[in-house]
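In: Sequence first, then the predicted structure, then my questions.
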There are 4 protein chains.
Amino acid sequence: MARDASRVEAFSDAVIAIVLTLMAVELLQFAPQNPTGTDLAGALFHEWPSYLAYVITFAIVGQVWLTHHNMWRYVVRIDQLLLVLNLLLLLFVAAIPFAANLLSDNLRGPVGDQRLTAALYAGTVLGEALFFNLSWWWARRRHLLHPDLDPRLARAVARRFLLGPLLYVVAFAVVFVDPVLSLVAYLLLVGLYLIRGPGDLPPSKEIAPAEG
Amino acid sequence: MARDASRVEAFSDAVIAIVLTLMAVELLQFAPQNPTGTDLAGALFHEWPSYLAYVITFAIVGQVWLTHHNMWRYVVRIDQLLLVLNLLLLLFVAAIPFAANLLSDNLRGPVGDQRLTAALYAGTVLGEALFFNLSWWWARRRHLLHPDLDPRLARAVARRFLLGPLLYVVAFAVVFVDPVLSLVAYLLLVGLYLIRGPGDLPPSKEIAPAEG
Amino acid sequence: MARDASRVEAFSDAVIAIVLTLMAVELLQFAPQNPTGTDLAGALFHEWPSYLAYVITFAIVGQVWLTHHNMWRYVVRIDQLLLVLNLLLLLFVAAIPFAANLLSDNLRGPVGDQRLTAALYAGTVLGEALFFNLSWWWARRRHLLHPDLDPRLARAVARRFLLGPLLYVVAFAVVFVDPVLSLVAYLLLVGLYLIRGPGDLPPSKEIAPAEG
Amino acid sequence: MARDASRVEAFSDAVIAIVLTLMAVELLQFAPQNPTGTDLAGALFHEWPSYLAYVITFAIVGQVWLTHHNMWRYVVRIDQLLLVLNLLLLLFVAAIPFAANLLSDNLRGPVGDQRLTAALYAGTVLGEALFFNLSWWWARRRHLLHPDLDPRLARAVARRFLLGPLLYVVAFAVVFVDPVLSLVAYLLLVGLYLIRGPGDLPPSKEIAPAEG
């Protein structure tokens, strides 16, 4: 029984790990290949939007992993739809580096391009947050969660899961003030989410006695 | 005993996860690097065949994972040939992003190129579907499946596995009508496969009592 | 105890899976991006050395996984040096796509370049085969293998492991006759290795009673 | 209980495995695509800084895996902060190929660029070493380690973990003598670390009886 869920976790882990390192693959492209005669320090510094996008995307995708880890600890049964919802979640997660890259490339571009790419980025992370909400809602509805998990707690978690989309909308709105500030807002909000988000579920040992 | 199969699953998961995200790596290439002075929205919209290919390939590869997951739950013993069949399956799966990319690059090209690349795409997914059929057939023949799995059910699954190649041939034929429609057909057929394909095997807990 | 080995397996699986798909990443580069006005079929056909290199590298790396899988089933304890030998094995495995790519790019070049790149390819797979031999030798010497594994069998496996380097040297020698034939020789030899190599160890259930 | 830690290990394994092979992806870029008429042997030899960077980064990232493997064997409980520290560790690990690439591209550049990129490389591996130290310190402080692990041993390990940053600072300082020598110093120091670092913790079976 637990075995089914553990393969879903392993597969999701692999996808999330690849996405996490995709940004590093992108960074590799910026290593100046013919540095002779150029100002290397300046050239490297000029790429700061890429570093910022790397750190922020790492934070968001890291947060995705933490949330996935916390949520799936309670999933003891799976059905076909939960698997499909998880794949749709991964579809949006895998698109995050693309959106992040697009945004960082346009941080110093015209205002219209800044807003367009910020909207695409926000849409991508919103899609990710949406499918977390749907997965949890479906798992609760179909009783796929650990039977000892208090239903009130599961409901409270569902409410807290709504924090994610809300915070992402706020970070998006900040782009109309300043696009760089918007990226920083994502970073702050991931920090807030770490403290107040569904991450602080009670440890599984408290609801589920050791398997042995 | 179960351990052998679980390493095959973990390895296949890793390959499938990488393939799933390979399309996202490709998307990264399209993020316009020097957007100043260009129409970014138009440039992004112009890449729609890439987004379509991303979503469809994600659907097909996601479906591959679901099918692999469902099938291997019943495999309790492995032999050398089953491993080789699984590797051949992965050979075709890993080639899907290449074929998808080729197809999306030629969706607006000459009719001859559309048909050539659609044929290559169809051939790749057909190869994948073929090795699923062969794996299941071999596992049944060599009694590598869980002993409690009803032979009639295993035979019914084998029949349903034939749906995959059939549907892919249909989607390929549609390319002669319209190449974009053909891609949409893949998407619809993956949806149909999710509902009527071998994915809805009875959960393993019903055929196999908990390991503990 | 088993847990230690299983993490080594999972990590090696991930590296091997990435290497297996690296060739597919390379293939992606060949998808003609601006096909208008060119002969697509001809352009695609012209890349046949890449497809050949993809299939052969997939075969070799697939064989690496099979051998790794078969060997590590018997490893019940690990020590620091075995881990280092395993990392050195992975160092050579991860370099295979580079060597394969170099070889396929030069299959139609001057004879000197053909031989140079064929020698580099052979050196890479020889390094891989060498560290398999060393790992098995060390695991036997330090009694890291399953205690129920017959020492005569373990010795016989060690002798058969020597097949790998031997066959790779043969395939390399063929390059002096014809470089394409040399690639085909690798493919044939992987097939031979599948039949007569250490892959046909007795299934672990025969030497090791179920863990439960 | 153990299950939580094992998913952290699997996820970290995936990230480290990808980073390990990222350098190989970079190598792929150097395979000369149009070799006709050029001196292939010379062109290949000219890329020696890339090969050196590949081997050294493989050594460092391999060492990261060994240390992670050794450390997490003792972690039996996790909390949110330990997961965040682990993600921050991975953030630096994933940036190593970028820094390695930058360094190898500038090994033959102006002295200022050599020192700048050597400093960035040293900073990246120092960040990695720092978060290993912090993870171990936090795990000890919050009693997340195996209860049978002798506190004096845990403290001794913490002291030895400090070796990492120290050695990296030494390797960095050598860059002021000679940048290539600095890379060789990393390699030697990884070797030293393998012998005297926290890697030679007592095997887990000695502190933790088999799970069954």
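Out: Right, received. Where do you want to start?

In: neighbours of A:R152, just the number please.
Out: A:R152 has 8 neighbouring residues, counting by other Cβ atoms under 10 Å in any protein chain shown. Every C-beta, even on glycine, is put in place using the N, C-alpha and C of the backbone.

In: Could you check how far it is from chain C?
Out: Here A:R152 is placed at a distance of 36 Å from chain C (Cβ to the nearest Cβ, to the nearest Å).

In: What is the host helix or strand of that residue packed up against?
Out: Element membership for A:R152, per DSSP states H and E: helix A:151-161. Where contact means 3 or more Cβ pairs under 8 Å, 6 or more residues apart in numbering or on different chains; DSSP states H and E, helix A:151-161 is packed against helix A:111-141.

In: any idea of the mean pLDDT for the helix it packs on?
Out: Mean per-residue pLDDT for helix A:111-141: 89.

In: Flag every residue of chain A that's near chain B.
Out: Counting by Cβ under 8 Å from any Cβ of the partner chain, the residues of chain A lying close to chain B are A:1, A:3-4, A:7-8, A:10-11, A:14-15, A:18-19, A:22, A:25-26, A:77, A:79-80, A:83-84, A:87, A:90-91, A:94-95, A:97-98, A:101-102, A:105-106, A:109-110, A:112-113, A:116-117, A:120, A:211.

In: Using ChimeraX, make a named selection holding only the buried ones among those residues.
Out: A single ChimeraX command selects the buried members of the residues of chain A next to chain B (16 or more other Cβ atoms under 10 Å in any protein chain shown):
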select /A:4,7,8,10,11,14,15,18,19,22,25,26,77,80,83,84,87,90,91,94,95,97,98,101,102,105,106,109,113,116,117,120
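
In: Just the residues of chain A next to chain B: which are in helices?
Out: Here DSSP state H is the test, and the residues of chain A next to chain B give A:3-4, A:7-8, A:10-11, A:14-15, A:18-19, A:22, A:25-26, A:80, A:83-84, A:87, A:90-91, A:94-95, A:97-98, A:101-102, A:105, A:112-113, A:116-117, A:120 as lying in helices.

In: Out of those, which are close to chain D?
Out: By Cβ under 8 Å from any Cβ, the members of those lying near chain D are A:10, A:14, A:18, A:25.

In: Distance check, the last one against A:Y54.
Out: Spelled out, it's A:V25. Distance check for A:V25 against A:Y54: by Cβ to Cβ, to the nearest Å, it reads 11 Å.

In: Kindly report the same for the second one.
Out: Here the distance between A:A14 and A:Y54 works out to 20 Å (Cβ to Cβ).

In: Tell me which residue of chain A lies closest to chain D.
Out: Taking Cβ to the nearest Cβ, chain D has its nearest neighbour within chain A at A:A17, 3.5 Å off.

In: Check which residues of stretch A:127-137 are buried.
Out: So for stretch A:127-137, counting by 16+ other Cβ under 10 Å, buried means A:127-136.

In: Pick the one among those closest to chain C.
Out: Closest approach between these and chain C, by Cβ to the nearest Cβ: A:E128, at 23.2 Å.

In: what sits against that closest one?
Out: Neighbour list for A:E128: A:64, A:89, A:92-93, A:96 [criterion: Cβ atoms under 8 Å, 6 or more residues apart in numbering or on different chains].

In: and if you look at A:L116?
Out: Counting by Cβ under 8 Å, 6+ apart, A:L116 makes contact with A:106, B:40-41, B:44.

In: okay, the one residue in chain A that gets nearest to chain C: pLDDT?
Out: Scanning chain A for proximity to chain C using Cβ to the nearest Cβ identifies A:A14 as nearest, at 7.4 Å. Reading off the confidence values, A:A14 has pLDDT 90.

In: Ignoring the adjacent residues along the chain, who's closest to the residue in chain A positioned nearest to chain B?
Out: For chain A, the residue closest to chain B is A:A14, as judged by Cβ to the nearest Cβ, at 3.5 Å. Leaving out its chain neighbours, the residue that sits closest to A:A14 by Cβ to Cβ, 6 or more residues apart in numbering or on different chains is B:A17, at 3.5 Å.

In: List the residues that contact the one you found.
Out: Residues counted as contacts of B:A17 (Cβ under 8 Å, 6+ apart) are A:11, A:14-15, A:18.

In: nearest to C:V190, of the residues you listed?
Out: A:A14 (26.0 Å; Cβ to Cβ).

In: re the thing from before, tilt between the helix holding A:R152 and helix A:111-141?
Out: 170 degrees (axes from the mean of the first three to the mean of the last three Cα atoms, to 10 degrees).

In: Show me which residues of helix A:151-161 are buried.
Out: A:154, A:157, A:160-161.

In: Quick one: mean pLDDT for it?
Out: What helix A:151-161 shows for mean pLDDT is 81.

In: quick one on the thing from earlier: buried among the contacts of A:L116? Need that as a selection in ChimeraX.
Out: Here is the ChimeraX command that picks out the buried ones among the contacts of A:L116, judged by 16+ other Cβ under 10 Å:
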select /A:106 /B:40,44
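
In: who touches the residue nearest to A:L85 when sequence neighbours are not counted in this structure?
Out: Excluding its sequence neighbours, the residue lying closest to A:L85 (Cβ to Cβ, 6+ apart) is A:S135, at 4.6 Å. Shown in contact with A:S135 (Cβ under 8 Å, 6+ apart): A:71, A:82, A:85-86, A:89.

In: How about A:A171?
Out: A:122, A:182, A:185-186, A:189.

In: Using the three-state scheme, assign it.
Out: Under DSSP: H, G, I helix; E, B strand; the rest coil, A:A171 falls in the helix class.

In: excluding its backbone neighbours, what's nearest it?
Out: A:A185 (4.1 Å).

In: now do A:Q63
Out: Nearest residue to A:Q63, sequence neighbours excluded (Cβ to Cβ, 6+ apart): A:V190, at 5.0 Å.
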